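Visitor: predicted structure and sequence below. I'll ask about it afterward.
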Amino acid sequence: MNDIFETIKQVAFEIDNAIKTSDLGYSDSENSSGEDQLKLDVQSDIIIEKAFASVASVKALVSEEKEGVLELSQTGKYTVCYDPLDGSSLVDVNLSVGSIFGIYEGELEGKNLVASAYVVYGPRIELVIATRESAPKLYRVIGSEFRYISEIKMNEKGKLNASGGTQQNWCDYHKIFIDDLFQEGYRLRYSGGMVPDLHQIMLKGGGLFSYPATSDKPNGKLRQLFEVIPFALMYEQAGGQAINHKGLRLLELVPSHPHDTSPCFFGSNYEITALREAYGMKA
Ligand code: AHG
């Protein structure tokens with residue numbers, strides 16, 4: 001998979017350059033989830049598609065910005081599912097954004113995710129890579145290249161609470177659970193970009209990121225293949241947990257469509273145990 005990780009490093013530089021120099025307006029199209037596409041979303045998608053077209057181990061690509069699967073080669077082993085620029089609506093207010101990659105072998109479902117990676121475009125460019133075999137590894141651009149910094153390990157309990165979705169549409173037990181965390185001393189950290197929000201919680205030792213089922217979005221907002229499942233591997237390999245609203249590990253999700261979403265909760269062990277109790281889930 002090294003060729004895939006090297007390609008991700010290459011596209012990170014190109015997308016970072018596009019973020020810093022390109023037109024921030026809307027394109028004339030919508031993505032598969034019916035959202036208006038920014039020109040930057042489209043441009044980032046093209047950068048990734050072009051770069052992976054010649055990577056021998058890649059069989060197919062699935063983009064958050066496009067419908068369907070793009071077959072690349074009969075002999076490739078992996079399908080790369082990616083969100084080229086998550087949180088792109090934050091670029092115009094100059095907040096951090098990211099790219100997310102899930103590398104699957106076989107059918108596109110959680111158990112077949114073999115590795116994941118994400119890039120954070122912030123004051124610095126950082127890359128995190130997780131495999132089934134090791135803790136997530138953090139890399140940072142220093143000078144003109146990515147340098148390995150450290151492994152990421154979460155504590156048993158954190159201090160941060162990133163709670164997504166429209167509060168008006170939360171169910172009562174979710175409201176109570178989130179309030180209880182604040183009563184315990186947790187502090188709110190939520191930018192509206194899942195990449196920097198989840199990155200912050202992992203690097204600061206722990207806490208909870210939630211995007212629950214809401215009355216307007218009963219299946220949540222975040223997409224399983226491109227967002228939820230890749231980050232689930234990160235959190236589990238860092239010593240945390242990642243589950244849905246029914247207590248199922250997100251790494252066991254089986255999407256029936258590439259753009260299916262899921263309610264999702266990522267956290268360290270203490271917060272996920274508290275969530276299970278508050279939601280009445282079986283341990
Ligand atoms: P977008 O790419 O359309 O800006 O969406 C970002 C995603 C995700 O990154 C973030 O966690 C979530 O949407 C935030 O949604 P809410 O504003 O509904 O909390």
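Guide: Sure thing, it's come through. Numbering: from 1, shown residues only.
Visitor: so how far is the first residue of stretch 93-106 from its last?
Guide: Terminal residues of stretch 93-106 are spaced 39 Å apart (C-alpha to C-alpha, to the nearest Å).
Visitor: now do that stretch, average pLDDT.
Guide: Over the span of stretch 93-106, the pLDDT mean works out to 97.
Visitor: how is the closest residue in space to residue 64 that isn't next to it in sequence assigned, secondary-structure-wise?
Guide: Distance criterion C-beta to C-beta, 6 or more residues apart in numbering; nearest residue to residue 64, sequence neighbours excluded, is residue 83 at 4.0 Å. (Glycine included, C-beta is placed from N, CA and C.) The three-state label given to residue 83 by DSSP: H, G, I helix; E, B strand; the rest coil is strand.
Visitor: residues of the stretch 151-283 of the chain that sit close to the ligand?
Guide: Residues of the stretch 151-283 of the chain lying near the ligand by C-beta under 6 Å from any ligand atom: 164, 165, 192, 193, 194, 221.
Visitor: could you dump those to TSV with secondary structure?
Guide: Shown next, in TSV, are those (three-state DSSP):
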residue	secondary structure
164	coil
165	coil
192	coil
193	coil
194	helix
221	coil
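Visitor: was I right to think residue 193 contacts residue 98?
Guide: Yes. The pair residue 193 / residue 98 is scored as a contact, 6.6 Å apart, by C-beta atoms under 8 Å.
Visitor: ok, those two, which is more surrounded?
Guide: residue 98 (29 against 23; other C-beta atoms under 10 Å).
Visitor: got a list of what the more buried one touches?
Guide: 85, 86, 87, 118, 119, 120, 121, 193, 194, 195, 196, 199 (C-beta atoms under 8 Å, 6 or more residues apart in numbering).
Visitor: could you give the bridge partners of it?
Guide: residue 86, residue 120 (DSSP bridges).
Visitor: can you list the weak-confidence ranges in the stretch 151-283 of the chain?
Guide: The stretch 151-283 of the chain contains residues with pLDDT under 70 at 283.
Visitor: overlap in contacts, residue 193 and residue 98.
Guide: Shared contacts of residue 193 and residue 98, counting by C-beta under 8 Å, 6+ apart, come down to 86, 87.
Visitor: quick one: buried ones out of the residues of the stretch 151-283 of the chain next to the ligand?
Guide: The neighbour-count test (16 or more other C-beta atoms under 10 Å) marks 164, 165, 193, 194, 221 as buried among these.
Visitor: nearest residue to residue 225 other than its sequence neighbours?
Guide: residue 81 (4.3 Å).
Visitor: show me what that neighbour is bridged to.
Guide: Under DSSP bridges, the beta-bridge partners of residue 81 are residue 62, residue 102.
Visitor: ok, residues contacting stretch 219-229?
Guide: 33, 62-64, 81-83, 86, 100, 102, 104, 108, 110, 113, 116, 164-165, 194, 211-214, 242, 250-251, 253, 255, 258-264.
Visitor: just to revisit the earlier point, show me which of the residues of the stretch 151-283 of the chain next to the ligand is closest to residue 140.
Guide: residue 193 (18.2 Å; C-beta to C-beta).
Visitor: ok, that closest one - contacts?
Guide: Contacts of residue 193 by C-beta under 8 Å, 6+ apart are 86, 87, 90, 95, 96, 97, 98.
Visitor: now the longest helix seen in the chain: average pLDDT?
Guide: Determined from DSSP state H, the single longest helix within the chain is helix 2-21. For helix 2-21, mean pLDDT is 97.
Visitor: the residue most central in space within the chain in helix, strand or coil?
Guide: Nearest residue to the geometric centre of the chain (C-alpha atoms, centre = their mean): residue 227, 3.6 Å. Under three-state DSSP, the three-state class of residue 227 is helix.
Visitor: same deal with the one 3 residues further on?
Guide: Under the three-state scheme (three-state DSSP), the conformation of residue 230 reads as helix.
Visitor: again with residue 114
Guide: strand.
Visitor: circling back: distance of the residue nearest to the centre of the chain from residue 135?
Guide: Using C-beta to C-beta, to the nearest Å, one gets 21 Å for the distance from residue 227 to residue 135.
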